[in-house]
Structure formats: C-alpha cells, structure tokens
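# Need coordinates for the below:
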Amino acid sequence: MTRTRSETEEFVTIIAPSTGDAMRQFKAQGLDRQGFAIAGRIGQHRFSLVDGPHAADPFPGQSLVAATFSRRVPV
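Next comes the predicted model:
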C-alpha cells in the first residue's frame with residue numbers, strides 16, 4: 001500500500017530598501033534553515049494594501065524591493 005502525503009506551499013515576502021537587505025533578513029530569520037527558497041525574481045515593487053473597496057499605498061514615496069520565498073509543508 002502506497003501512502004501519499006498532501007502538501008501545500010507556504011510563502012514569506014520580505015520588503016526592504018535593497019536586495020542585500022532582504023537577503024540579510026532572510027538569513028537573520030533563519031528561513032534557509034526552515035527550508036525556504038527564493039520563489040521568483042527580487043525587484044522593485046509597487047505595493048497596494050486593499051481594505052474592502054479601497055486601496056492605499058502602505059509605503060508612499062519609498063523605493064522598495066520585495067523578495068518572496070516559499071517552502072512545501074504538509075497539510
């Protein structure tokens with residue numbers, strides 16, 4: 001009998017002033033030891049925080065990068 005295990009993907013996004021800052025925080029939080037890996041490109045992002053029908057810029061006037069990391073976890 002073969003057992004299959006269900007998994008889902010978990011994400012962490014770090015928002016920082018630079019790529020270097022984001023990667024230092026990745027290490028500082030121990031995300032590498034927890035099995036997280038980069039999920040896509042790191043780059044300049046524009047952010048929008050949605051609250052019902054309204055949206056706001058949570059970081060007005062700031063130039064920030066976002067780095068998203070993911071890992072597979074059992075359900």
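
# per-residue pLDDT, the spatially most central residue of the chain?
Nearest to the geometric centre of the chain sits Thr13, at 1.7 Å (C-alpha atoms, centre = their mean). In this model, Thr13 is scored at 97, pLDDT.

# Arg5 too?
Arg5 is assigned a predicted lDDT (pLDDT) of 71.

# Arg33 versus that one, what's the distance?
Counting by C-beta to C-beta, to the nearest Å, the separation of Arg5 from Arg33 is 22 Å. Using the backbone N, CA and C atoms, a C-beta is placed for each residue, glycine as well.

# Also Val65?
As judged by C-beta to C-beta, Val65 and Arg33 stand 23 Å apart.

# if we can go back for a sec, show me the contacts for the residue nearest to the centre of the chain.
Contact analysis of Thr13 by C-beta atoms under 8 Å, 6 or more residues apart in numbering lists 66-69.

# farthest-separated two in those residues?
Spatially, the most separated pair among those is Ala66 and Phe69, at 10.7 Å (C-beta to C-beta).

# Could you check which of the two is surrounded by more residues?
Using other C-beta atoms under 10 Å as the criterion, Ala66 and Phe69 rank with Phe69 on top: 21 against 17.

# Centre of the chain to the helix or strand containing that one, how far?
In this structure, Phe69 sits in strand 64-74 according to DSSP states H and E. Taking the mean of its C-alpha atoms, strand 64-74 sits 4 Å from the chain's own mean (C-alpha atoms, centre = their mean, to the nearest Å).

# Let me see the ranges of the helices in the protein.
19-28 (DSSP state H).

# Give me the angle between the strand holding Phe69 and helix 19-28.
30 degrees (axes from the mean of the first three to the mean of the last three C-alpha atoms, to 10 degrees).
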